[in-house]
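**Student:** quick check, what structure comes out for this input:
(chains A and B)
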Protein chains: 2
Amino acid sequence: MEHRLKRLDRKTIYEGTVVDFCKDKVQLPDGVIQEWDFIHHKKGGGACVVPVLPDGKILMIRQYRPAIGEETIELPAGARDSENEDGIVTAKRELLEETGYTAEKWTFLSRIRTAVAWCDEFTDVYLAEDLVKKAEQDLDEAEEIKITEIELKDALRDIYSGKQQDAKTVAGLLAYAVKIIQ
Amino acid sequence: MEHRLKRLDRKTIYEGTVVDFCKDKVQLPDGVIQEWDFIHHKKGGGACVVPVLPDGKILMIRQYRPAIGEETIELPAGARDSENEDGIVTAKRELLEETGYTAEKWTFLSRIRTAVAWCDEFTDVYLAEDLVKKAEQDLDEAEEIKITEIELKDALRDIYSGKQQDAKTVAGLLAYAVKIIQ
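**Tutor:** Prediction:
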């Protein structure tokens, strides 16, 4: 598709720890020039895992999220260690660190971009099967998380009721559900 | 769950047009105090629609996204007009403006939070059925979009191949798919 909407320039306005605030100079189809907000994720993104236990339950983590002031139940996930780290490497590390499990079988489910209108962050979502308990959790000092096991049907109910709101968790659980229901 | 991880303070560092850059003062479980990035969405968020045509195809929009420098195919969606606007109001307006369609039947599918670790934006996702063509597109000067109709099976294939990456679109299509497959 030809497009007259163009990004002419990008400037970093404020450098953060996890994300940077940038201003894009954008030319609209009618020629008008505007400044649009853009958030650059310093690691590009991360990975998320749908870990399925032998009995079919999903391994999830419960934690408090200061950003939104709420406790959440999320799929294991985390940011890349470096900007070029492959998603599967991030996924394996985060699963082991957050739950103590490794998996024999890994399947790519989807890549999700956080907010295509104003951000470049993405998350690679993987299905992890044939789980093996290898170790205890290995958490850094900012993490205070509890492992929990949830039936897929309960997790789906929480999505449709609006209780489960974490985008990567919603996408991951649904991607797994469609795969096994089909 | 009791948590020792606490947010002690939040300061706006840079005010943008769509989002603000904030710094949270966070106390870690071990007592150490850190500053964490936080992105506040000025409208809180928006809504997204899965519009299903009588023949089962999904109505989607193709557009160029300057933020990521790519053309995307997304579900119709947009931000709230005001901070207290109900999601269904946003959803109905965006469907009409972006596609010219209204719908007789609306069903809440899910609410997704963009990035719970560092952002407060959310998107309410609705299923729209019994579509009626009411008008032509009514786009603002920044929008240059084309309507496209996609079979659900093709949309799902694009999710699992990693081609369809827009988080709200991935979540919305999968939420619809699970609903009709079950």
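
**Student:** drop to CA atoms for contacts and neighbour counts, all remaining ones
**Tutor:** Fine.

**Student:** helix or strand for residue A:116, which one?
**Tutor:** Secondary structure from DSSP states H and E places residue A:116 outside every helix and strand.

**Student:** buried ones in the longest helix along chain A, by neighbour count?
**Tutor:** Longest helix in chain A, counting residues (DSSP state H): helix A:167-181. By neighbour count with 16 or more other C-alpha atoms under 10 Å in any protein chain shown, helix A:167-181 contains the buried residues A:167-178.

**Student:** how far away is residue A:98 from residue A:76?
**Tutor:** Look at residue A:98 and residue A:76: by C-alpha to C-alpha, to the nearest Å, they are 7 Å apart.

**Student:** one more: residue A:144?
**Tutor:** As judged by C-alpha to C-alpha, residue A:144 and residue A:76 stand 13 Å apart.

**Student:** could you do residue A:16 as well?
**Tutor:** Using C-alpha to C-alpha, residue A:16 is found at 24 Å from residue A:76.

**Student:** neighbour-wise, which of those two wins?
**Tutor:** Between residue A:16 and residue A:76, residue A:76 has the larger neighbour count (other C-alpha atoms under 10 Å in any protein chain shown), namely 25 against 18.

**Student:** residue A:95 is in contact with the more buried one, correct?
**Tutor:** Yes - with contacts counted by C-alpha atoms under 8 Å, residue A:76 reaches residue A:95, the gap being 5.9 Å.

**Student:** common neighbours of those two, please.
**Tutor:** Residues touching both residue A:76 and residue A:95 comprise residue A:49, with contact defined as C-alpha atoms under 8 Å, 6 or more residues apart in numbering or on different chains.

**Student:** mind giving me the domain ranges of chain A?
**Tutor:** A:6-41, A:45-181 (automatic domain parsing).

**Student:** what mean pLDDT does the longest one get?
**Tutor:** What that stands for is domain A:45-181. Domain A:45-181 shows a mean pLDDT of 95 in the predicted model.

**Student:** in stretch A:29-36, what's buried?
**Tutor:** Neighbour count says stretch A:29-36 has A:33, A:35-36 buried, by 16+ other C-alpha under 10 Å.

**Student:** elements contacting the helix or strand containing residue A:93?
**Tutor:** Residue A:93 is part of helix A:87-99 when elements are defined by DSSP H and E. Where contact means 3 or more C-alpha pairs under 8 Å, 6 or more residues apart in numbering or on different chains; DSSP states H and E, helix A:87-99 is packed against strand A:45-51, strand A:77-79, strand A:101-113, strand A:122-133.

**Student:** would you mind finding the most buried of the ones you listed?
**Tutor:** The densest packing among the helices and strands packed on helix A:87-99, expressed as mean neighbour count by mean count of other C-alpha atoms under 10 Å in any protein chain shown, is seen in strand A:45-51 with a mean of 28.

**Student:** tell me which other helices or strands it touches.
**Tutor:** Identification of packing neighbours for strand A:45-51 by 3+ C-alpha pairs under 8 Å, 6+ apart yields strand A:58-65, strand A:77-79, helix A:87-99, strand A:122-133, helix A:167-181.

**Student:** change it to 6 Å
**Tutor:** If contacts are counted by 3 or more C-alpha pairs under 6 Å, 6 or more residues apart in numbering or on different chains; DSSP states H and E, strand A:45-51 sits against strand A:77-79, helix A:87-99, strand A:122-133.

**Student:** these: which one's closest to residue A:154?
**Tutor:** Residue A:154 lies closest to strand A:122-133 among the helices and strands packed on strand A:45-51, at 18.2 Å (C-alpha to C-alpha).

**Student:** which SSE is immediately downstream of the closest one?
**Tutor:** Strand A:122-133 is succeeded, C-terminally, by strand A:145-150 (DSSP H and E).

**Student:** would you mind getting the angle between that following strand and strand A:45-51?
**Tutor:** Our comparison of strand A:145-150 with strand A:45-51, counting by axes from the mean of the first three to the mean of the last three C-alpha atoms, to 10 degrees, yields an angle of 50 degrees.

**Student:** so for residue B:115, which of the domains of chain A sits nearest?
**Tutor:** Proximity of the domains of chain A to residue B:115 was assessed by C-alpha to C-alpha; the nearest stretch is domain A:45-181, lying at 6.8 Å.

**Student:** before we move on, the earlier item: now do the buried residues in the helix holding residue A:93.
**Tutor:** By neighbour count, and taking 16+ other C-alpha under 10 Å as the criterion, the buried residues in helix A:87-99 are A:87-88, A:90-99.

**Student:** quick one: which of these is nearest residue A:117?
**Tutor:** Relative to residue A:117, and with distances defined as C-alpha to C-alpha, the nearest of those is residue A:87, at 22.6 Å.

**Student:** quick one: residues contacting that closest one.
**Tutor:** The contact partners of residue A:87, taken as C-alpha atoms under 6 Å, 6 or more residues apart in numbering or on different chains, are A:47, A:124.

**Student:** now with 8 Å, please.
**Tutor:** By C-alpha under 8 Å, 6+ apart, the contact list for residue A:87 reads A:46-47, A:80, A:124.

**Student:** nearest residue to residue A:41 other than its sequence neighbours?
**Tutor:** Of all residues beyond its chain neighbours, the one nearest residue A:41 is residue A:19 (4.4 Å), with distances taken as C-alpha to C-alpha, 6 or more residues apart in numbering or on different chains.

**Student:** who touches the one you found in this structure?
**Tutor:** Residue A:19 touches A:39-42, B:37, counting by C-alpha under 8 Å, 6+ apart.

**Student:** in strands, which of these appear?
**Tutor:** Assignment to strands by DSSP state E places the following of those there: A:39-41, B:37.

**Student:** save those residues as a markdown table, and put in distance to residue B:152, neighbour count and pLDDT too.
**Tutor:** Formatted as a markdown table, the entries for those read as follows, by distance: C-alpha to C-alpha, whole Å; neighbours: other C-alpha atoms under 10 Å in any protein chain shown; pLDDT from 0 to 100:
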| residue | distance to residue B:152 | neighbour count | pLDDT |
| --- | --- | --- | --- |
| A:39 | 31 | 24 | 98 |
| A:40 | 32 | 21 | 97 |
| A:41 | 31 | 20 | 96 |
| B:37 | 38 | 22 | 98 |
